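Peer 1: sequence below, structure please.
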Amino acid sequence: MIYTVTFNPSIDYIVTVEDFKEGFVNRTSEELMFPGGKGINVSMVLSNLGFENTALGFLAGFTGDSVQGMLTANGVNADFIKVNEGITRINVKIRAQKESEINGMGPGIKQDDIDALYEKLDKIQDGDILVLAGSIPSVMPETMYSDIMEHLQGKDIKIVVDATKDLLVNVLKYKPFLIKPNNHELGEIYGVTLNTRDEVVPYAKKMQEAGARNVLISMAGEGAVLVSEDGQVYKSECPKGKVKNSVGAGDSMVAGFIAGYLESGEYKEALRKGLLTGSASAFSDNLATKQEVEELGKTFQL
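Peer 2: Numbers count the residues shown, from 1 in each chain. Presented below is the predicted three-dimensional model:
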């Protein structure tokens, strides 16, 4: 089984305003609504690709009920902790001359809620995959990712981490199966600017030397780099297409990588499936579907 954890899910309310004017009443020309959060995006795409998975995390209030319903309708097993205080946040994304975002706060997560999450994590079996993705709410310990990985030490679980800065660096000693920073996040960790695929390789290897088994660096239009645990370095451009929406593309890459690895057992194919899936999401208003990924794959090889 594949599990994902999203500590601070959301309803993403995406509105298009043709001529946005600050300080005036503006009307939308298009509206979209999705369940949001990096782990949730991974779960949604895995489900689209035909992989059963369970989404874990925290939900609250009527908005949490809405997220639960949307996930269930998409075939995701949504096994969230119901939090009593507050509501699941609503994130408003405005598409206009410039893109703007207003992100909500999220619910008040207590220690009892965290303890309940650990009870669910204890049910994960050897051979399962666990995806930890996204930021940690300010009401939770900053060490949550490393705490979870330490708690699960001793189990044969493939853990995937998609996080930034210290959240990512602090889990390396627990030897995650895969980490996926983008080139800007990787550069921020080491205090450098990384623009090309060749430039990211030595720093990806540093992450590997610090403990990560596989390091996948997403680079938007530049493609991606994979430094795999078998000593190989794979560098690839991304499929060609028109970008419509970059939200969720990195999460889709993670889902595609997992799917490709489970299907083939090969890291090169996992990278290819990751690139296809991330690109398919970027080329669509929604998250990638299996049909979109397969269609894109007809003309793309590493």
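Peer 1: in stretch 213-221, what counts as buried?
Peer 2: Neighbour counts over stretch 213-221 (16 or more other C-beta atoms under 10 Å) mark 213-220 as buried. Every C-beta, even on glycine, is put in place using the N, C-alpha and C of the backbone.
Peer 1: contacts for the helix or strand of the chain with the lowest mean pLDDT?
Peer 2: Among the secondary structure pieces of the chain, namely its helices and strands, helix 165-169 has the lowest mean (mean pLDDT, DSSP states H and E), a mean of 88. Contacts made with helix 165-169 from outside it, assessed by C-beta atoms under 8 Å, 6 or more residues apart in numbering, are listed as 135-136, 142, 145, 161, 179, 181, 185, 188-189, 210.
Peer 1: before we move on, back to that, ok, so of the buried residues of stretch 213-221, who is nearest residue 150?
Peer 2: Nearest to residue 150, judged by C-beta to C-beta, of the buried residues of stretch 213-221 is residue 213 at 17.0 Å.
Peer 1: do I have it right that that closest one meets residue 178?
Peer 2: Yes: judged on C-beta atoms under 8 Å, residue 213 makes contact with residue 178 at a distance of 6.9 Å.
Peer 1: count of neighbours near residue 193?
Peer 2: By other C-beta atoms under 10 Å, 10 other residues sit near residue 193.
Peer 1: which ones are touching it?
Peer 2: Taking C-beta under 8 Å, 6+ apart as the test, what residue 193 contacts is residue 187.
Peer 1: name the SS class of it, please.
Peer 2: Secondary structure, DSSP: H, G, I helix; E, B strand; the rest coil: residue 193 is coil.
Peer 1: how close does it sit to residue 249?
Peer 2: If you measure residue 193 against residue 249 using C-beta to C-beta, to the nearest Å, the figure is 21 Å.
Peer 1: now residue 263
Peer 2: Taking C-beta to C-beta as the measure, residue 263 falls 21 Å from residue 249.
Peer 1: and those two? which has more neighbours close in?
Peer 2: For residue 263 against residue 249, the residue with the higher neighbour count under other C-beta under 10 Å is residue 249, and the figures read 23 against 14.
Peer 1: tell me which residues touch that one, please.
Peer 2: Shown here is residue 249, whose contacts under the criterion C-beta under 8 Å, 6+ apart are 218, 220, 278-279, 281-282.
Peer 1: the same query, at a cut-off of 10 Å, please.
Peer 2: 41, 218, 220, 238, 243, 277-284, 287-288 (C-beta atoms under 10 Å, 6 or more residues apart in numbering).
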